[in-house]
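[1] Quick one, structure for this:
(one chain, ligands or ions: 1)
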Amino acid sequence: MDDDDIPTLIETDEVSAAQGPEKTVPLTIICGFLGAGKSTLIRRILSEKHGYRIAVIMNDFGDTADIEAKTINVSSAEDPTDTSEEILELANGCLCCSIKDTGVAAIEKLMQRKGAFDHILLETTGLADPGPIASLFWQNEEFSAGLGHYIHLDGVVCMVDAVFGRQQLEEDHSVDGVGESLRQIACADVVLLNKTDLVSAAQAAELEHLIAQVNPAVVIHRTVQGNIDLKNIMGIDAYSSKSKALASDSVGHAHHHAGEPCDEHCDDVGHKHPHHYELRGISSLQVSVPVLSQEAYDRLDEWIRTLLWEGRLPEDSAVGPQRVTVLRCKGIFQTSTGTTYVLQGVRSLYEISPAIDDSDFGLESGKLVFIGKGLDETIRHSLMRVLG
Ligand SMILES: Nc1nc2c(ncn2[C@@H]2O[C@H](COP(=O)(O)OP(=O)(O)OP(=O)(O)O)[C@@H](O)[C@H]2O)c(=O)[nH]1
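    Okay, here's the model as predicted:
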């Protein structure tokens, strides 16, 4: 085409179709025990030079008042007297936003500055259960029709106090006998075992073991003063259909102890052993999955649906009491057609979708993990029957 030729105009829809879907901003939920070091981690992120433009949404600015802010905006352009949302723009390019309302409202506000950041960290209070918060940003109609066009849930990171973590897990039982600290671990994709400068290596290993018993799918990193390479907590894609995130160690007893051997409780070098461990009713169920026929796939889908939606097994009476509560599930398996599927679930929400990248997946690697309440041996046997 000559420079003088009139270019053919194309519809904007065609332009965006040609450019592919708009890239969504990843959102990571940071939860953690009271005093575990969440603010310390966030203060680092907001003040260090790391090259990422991160928007951090936190409960209040109290602890970050000492961070040098380039500008302090009262962010409501329409009503300058409205101070209900504040956004701090920090020297290292990050944004810091306080939550006075719900996380969703704060994020909608932030999205007006789209382009100014490339990752969102949402800090919850020490007493928050991250499950309901995660489900706000994943697989629900309201989210898909609105914010889901702009952001996607990347993962849940839980900070655990290496000194008091065990005590907190064992003592805290604020909601129906199951403490928030247990729910936080059950729902986490990554645990930062912080304050490891204050405990011995053996004590840290013991707590890691306890955490991995509650949640065998979690990846654990030891930290001091929240010092962690950000690639371990951002861009982890824990809710995606990428098989890479599930096929490897990340499902099944994955704990990273910086080159140190596993502790004396763990007698399986390959880290493939099924655990059945229960802490105040919360336990995990982990099974290997063979290549599934179409019938077995359909049975499995029905089994998961009945378990997650109705809290019972398909063979139970439909009117009985709910016997199971699933807080988180993940899995990967293959069907006889050669398709690799990924299961992702938070509470009653779940999806089974074809893996985006199944090149790393081996036939030996099929597995399912459920974390929740009431996952006893009868549930395991029922699942084994379904899998054939
Ligand atoms: N020794 C030691 N102290 C730490 C470490 N990380 C944080 N602290 C201290 O622990 C205390 C609590 O840390 P915060 O970062 O305020 O914890 P938090 O999780 O934000 O606390 P809440 O918001 O109350 O839940 C502070 O005095 C920190 O300086 C660590 O790795 N080692």
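[2] mind listing what Ser348 touches?
    Counting by C-beta atoms under 8 Å, 6 or more residues apart in numbering, Ser348 touches Leu308, Trp309, Val326. To be clear about C-beta, it is placed using only N, CA and C from the backbone, and glycine gets the same treatment.
[3] Just among the residues you listed, which is most surrounded?
    Within the contacts of Ser348, most neighbours by other C-beta atoms under 10 Å means Val326, with 24 neighbours.
[4] my guess is it meets Leu349, correct?
    No. Assessed by C-beta atoms under 8 Å, Val326 is found out of contact with Leu349, at 10.1 Å.
[5] Find residues that contact each of the two.
    Leu308.
[6] Out of the contacts of Ser348, which is nearest to Thr40?
    Val326 (32.3 Å; C-beta to C-beta).
[7] What pLDDT does the model give the closest one?
    With respect to pLDDT, Val326 scores 89.
[8] List the contacts of it.
    Leu307, Leu308, Gly345, Arg347, Ser348, Phe370, Ile371, Gly372, Leu375.
[9] Save the contacts of Ser348 as TSV, and put in distance to His119 and secondary structure too.
    Compiled in TSV, the contacts of Ser348 are given as follows (distance: C-beta to C-beta, whole Å; DSSP: H, G, I helix; E, B strand; the rest coil):
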residue	distance to His119	secondary structure
Leu308	29	helix
Trp309	32	helix
Val326	28	strand
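[10] Pipe the residues you listed into JSON lines and attach distance to Ile211 per row.
    As requested, the contacts of Ser348 are exported to JSON lines (distance: C-beta to C-beta, whole Å):
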{"residue": "Leu308", "distance to Ile211": "23"}
{"residue": "Trp309", "distance to Ile211": "28"}
{"residue": "Val326", "distance to Ile211": "19"}
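[11] Which of those sits closest to Leu230?
    Nearest member of these to Leu230, counting by C-beta to C-beta, is Val326, at 30.2 Å.
[12] phi, psi of Gln167?
    phi -60, psi -40 (degrees, to the nearest 10).
[13] Residues contacting the helix or strand hosting Ile30, please?
    Remark: Ile30 resides in strand 25-32, with elements defined by DSSP states H and E. With contact meaning C-beta under 8 Å, 6+ apart, strand 25-32 is reached by 38, 41-42, 107, 114, 117-124, 126, 128, 130, 133-134, 137, 150-160, 184, 187-188, 192, 194, 233-237.
[14] how about 6 Å then?
    Outside strand 25-32, the residues that touch it by C-beta atoms under 6 Å, 6 or more residues apart in numbering are 38, 119-124, 128, 130, 133-134, 137, 151-159, 184, 234.
[15] can you pull the contacts of Pro130?
    Contacts of Pro130 by C-beta under 6 Å, 6+ apart are Ile29, Cys31, Val156, Gln184, Cys187.
[16] Glu123 now?
    For Glu123, the contacting residues are Ile30, Lys38, Ile42, Met58, by C-beta under 6 Å, 6+ apart.
[17] still on that earlier bit, the strand holding Ile30 and the ligand in contact?
    Yes. Counting by C-beta under 6 Å from any ligand atom, the ligand has neighbours in strand 25-32: Gly32.
[18] that older thread, mind giving me a markdown table with the contacts of Val326 and columns for secondary structure, distance to the ligand and pLDDT?
    Converted to a markdown table, these look like this (DSSP: H, G, I helix; E, B strand; the rest coil; distance: C-beta to the nearest ligand atom, whole Å; pLDDT from 0 to 100):
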| residue | secondary structure | distance to the ligand | pLDDT |
| --- | --- | --- | --- |
| Leu307 | helix | 33 | 94 |
| Leu308 | helix | 30 | 93 |
| Gly345 | strand | 27 | 86 |
| Arg347 | coil | 24 | 83 |
| Ser348 | coil | 28 | 84 |
| Phe370 | strand | 28 | 91 |
| Ile371 | strand | 23 | 88 |
| Gly372 | strand | 25 | 87 |
| Leu375 | coil | 29 | 89 |
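[19] any idea which of those residues is closest to Ile356?
    Checking the contacts of Val326 against Ile356 with C-beta to C-beta, the nearest one is Gly345 at 17.4 Å.
[20] Below-threshold pLDDT in the stretch 1-150 of the chain: ranges please.
    Applying pLDDT under 70 to the stretch 1-150 of the chain picks out residues 1-22, 59-86, 98-103, 114-115, 126-127.
[21] What is the nearest of the contacts of Ser348 to Val386?
    Using C-beta to C-beta, these come closest to Val386 at Leu308, 14.0 Å.
[22] Restricting to C-alpha, output stretch 371-382 in PDB.
    The C-alpha trace of stretch 371-382 is given here as PDB (Å, rounded to 0.1, in the frame of the first residue of the first chain):
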ATOM      1  CA  ILE A 371      -8.700 -29.600  51.700                       C
ATOM      2  CA  GLY A 372     -11.600 -29.100  54.100                       C
ATOM      3  CA  LYS A 373     -13.700 -30.400  56.900                       C
ATOM      4  CA  GLY A 374     -15.100 -34.000  57.100                       C
ATOM      5  CA  LEU A 375     -12.800 -35.500  54.500                       C
ATOM      6  CA  ASP A 376     -12.600 -38.900  56.100                       C
ATOM      7  CA  GLU A 377     -11.800 -42.300  54.800                       C
ATOM      8  CA  THR A 378     -15.300 -42.900  53.500                       C
ATOM      9  CA  ILE A 379     -14.800 -39.900  51.200                       C
ATOM     10  CA  ARG A 380     -11.500 -41.300  49.900                       C
ATOM     11  CA  HIS A 381     -13.100 -44.700  49.300                       C
ATOM     12  CA  SER A 382     -16.000 -43.100  47.400                       C
END
